[in-house]
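> no sequence on hand, only this structure:
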């Protein structure tokens with residue numbers, strides 16, 4: 001790695017360079033030109049924080065990329081004798097240990113072997129996560145695979161909205177029908193998170209570089225159109241169909257220009273051909289210009305609405321395809337165990353999921369015995 005003196009020098013030089021940019025995060029993504037780097041880069045408020053975080057990422061994770069992230073960062077700095085000497089040092093077997101070496105070959109992903117219908121009907125997701133109820137969501141996904149284009153999921157806090165992305169990722173990965181590009185915005189970033197940030201994050205999560213990201217300096221409506229068309233133009237380059245999922249964009253202090261971009265993206269997704277879909281979680285207001293038939297809604301109730309019927313149905317559907325027979329008493333006993341003493345709202349879904357996982361594992365072992 002870099003010496004202490006080298007690290008201090010590079011951090012200051014990066015900070016000075018970043019300070020010149022209107023959108024530091026998008027600039028850093030374009031600088032390195034790797035979607036994985038942008039996915040891992042924290043949201044920061046000050047150039048110095050971006051410089052420190054970028055350098056940390058480059059040193060700890062970037063040496064397996066070609067060229068290494070550290071080389072890409074330093075090569076973008078204004079050329080001086082010190083920068084030239086440092087680059088020469090990094091490109092050799094020096095104390096920093098950063099050398100040009102190709103990344104090890106990745107293991108190929110197993111081919112999808114599950115039908116879309118089976119994936120939609122799943123009661124357990126990746127990581128053995130139980131997925132109870134959500135009949136409306138399952139219906140909406142079927143519609144999105146047909147002619148609907150936008151899904152809006154709203155509900156009270158801790159009602160399971162974020163489980164939506166886990167379910168969509170399961171359906172897409174298990175069936176191979178689509179990928180999910182998910183952007184979840186931290187609440188403390190809403191006042192500073194702009195449309196260029198969102199466009200860059202969406203494209204990076206599709207595995208695309210952001211070199212061509214337009215740096216818009218236009219009135220908001222025109223900028224929204226420019227960024228929306230650029231984002232959607234990257235979808236075919238990423239390969240396959242992509243569902244763009246945005247979570248955490250309903251805060252009252254959210255920027256108007258970013259909301260304008262999201263609404264333009266919804267209009268374009270709804271009217272342009274292709275398999276791209278847009279999922280908005282906890283999204284306020286209406287989507288003007290999006291045809292009503294293209295929008296699916298799911299309004300989640302309080303967690304207390306998930307009760308004995310839904311848990312009993314979870315077990316029955318989960319085990320209906322297993323060999324052997326289950327006595328109704330076995331599922332009834334498991335349902336009683338899961339429901340006993342659950343809190344009404346706060347923490348209900350998390351505790352229910354833990355009990356469902358344990359109970360379903362026990363029933364499955366009994367079925368195999």
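Everything's here; your move. Not measured: the values here are computed from a predicted model.
> lowest-pLDDT helix or strand in this protein?
Within the chain, confidence by mean pLDDT, DSSP states H and E is lowest for helix 35-40 among all helices and strands, at a mean of 74.
> for that helix, buried residues please.
35-38, 40 (16 or more other Cβ atoms under 10 Å). Every C-beta, even on glycine, is put in place using the N, C-alpha and C of the backbone.
> okay, domains of the protein per the record?
Taking automatic domain parsing as the reference, the chain has its domains at 4-90, 116-301, 304-368.
> show me where this protein has its strands.
124-125, 129-130, 150-154, 179-184, 242-247, 277-281, 295-299 (DSSP state E).
> buried sites along the fourth one?
For strand 179-184, the neighbour count (16+ other Cβ under 10 Å) marks 179-183 as buried.
> now tell me what touches it from outside.
162, 165, 168-169, 172-173, 198, 201-202, 205-206, 238, 240-248 (Cβ atoms under 8 Å, 6 or more residues apart in numbering).
> filter these down to the buried ones.
165, 168-169, 172-173, 198, 201-202, 205-206, 238, 241-248.
> could I get the full set of helices for the stretch 251-369 of the chain?
In the stretch 251-369 of the chain, the helices defined using DSSP state H, counting those that start in this stretch lie at 256-271, 308-319, 328-339, 348-368.
> out of those, which one sits most buried?
Highest mean neighbour count of the helices of the stretch 251-369 of the chain: helix 256-271, a mean of 21 (counted as mean count of other Cβ atoms under 10 Å).
> on the pLDDT front, check the residue positioned nearest the centre of the chain for me.
For the chain, the residue nearest the mean C-alpha position is residue 182 (2.3 Å; Cα atoms, centre = their mean). The model reports residue 182 with a pLDDT of 90.
> same question for residue 246.
93.
> could you list every residue that touches it?
Residue 246 neighbours (Cβ under 8 Å, 6+ apart): 183, 185, 198, 262, 278-281, 283.
> for those residues, work out which two are farthest apart.
By the measure Cβ to Cβ, 185 and 278 form the most distant pair in the contacts of residue 246, at 15.2 Å.
> so which of those two has more stuff around it?
Using other Cβ atoms under 10 Å, the more surrounded residue of residue 185 and residue 278 is residue 278, with 26 against 20.
> would you mind measuring from residue 220 to residue 143?
According to Cβ to Cβ, to the nearest Å, residue 220 and residue 143 sit 31 Å apart.
> ditto for residue 236
Separation of residue 236 from residue 143 (Cβ to Cβ): 23 Å.
> also residue 206?
Residue 206 sits at a distance of 23 Å from residue 143 (criterion: Cβ to Cβ).
> and for residue 224?
26 Å.
> neighbour count winner among the two?
Ranked by neighbour count (other Cβ under 10 Å), residue 224 and residue 143 place residue 224 first, with 25 against 15.
> name the nearest residue to that one, sequence neighbours excluded.
Closest residue to residue 224 apart from its sequence neighbours, by Cβ to Cβ, 6 or more residues apart in numbering: residue 264 at 3.9 Å.
> show me the contacts for the one you found.
221, 224-225, 227-228.
> which residue packs closest to residue 187, ignoring adjacent ones?
Spatial nearest neighbour of residue 187, chain neighbours left out: residue 251 (6.0 Å); criterion: Cβ to Cβ, 6+ apart.
> shaky segments in the protein?
Along the chain, segments meeting pLDDT under 70 span 1-4, 34-35, 45, 63-64, 66, 91-113, 321-327, 367-369.
> if we use 50, what do you get?
Scanning the chain for pLDDT under 50 picks out 93-112.
> quickly note the distance from residue 277 to residue 152.
When residue 277 is compared with residue 152 (using Cβ to Cβ), they lie 12 Å apart.
> with residue 9 instead?
49 Å.
> what does residue 165 give?
Taking Cβ to Cβ, one finds residue 165 at 14 Å from residue 152.
> and the gap between residue 231 and residue 161?
From residue 231 to residue 161 the distance is 23 Å (Cβ to Cβ).
> more neighbours: those two, which one.
residue 231 (27 against 18).
> need the contact list for the residue nearest to the more buried one when sequence neighbours are not counted.
Spatial nearest neighbour of residue 231, excluding adjacent residues (Cβ to Cβ, 6+ apart): residue 199 at 5.0 Å. Counting by Cβ under 8 Å, 6+ apart, residue 199 touches 26, 213, 227-228, 230-231, 261.
> likewise for residue 57?
Counting by Cβ under 8 Å, 6+ apart, residue 57 has contacts 37, 40-41, 69.
> residue 131: which of the residues you listed is nearest?
The closest of those, once distances to residue 131 are taken by Cβ to Cβ, is residue 40, at 27.9 Å.
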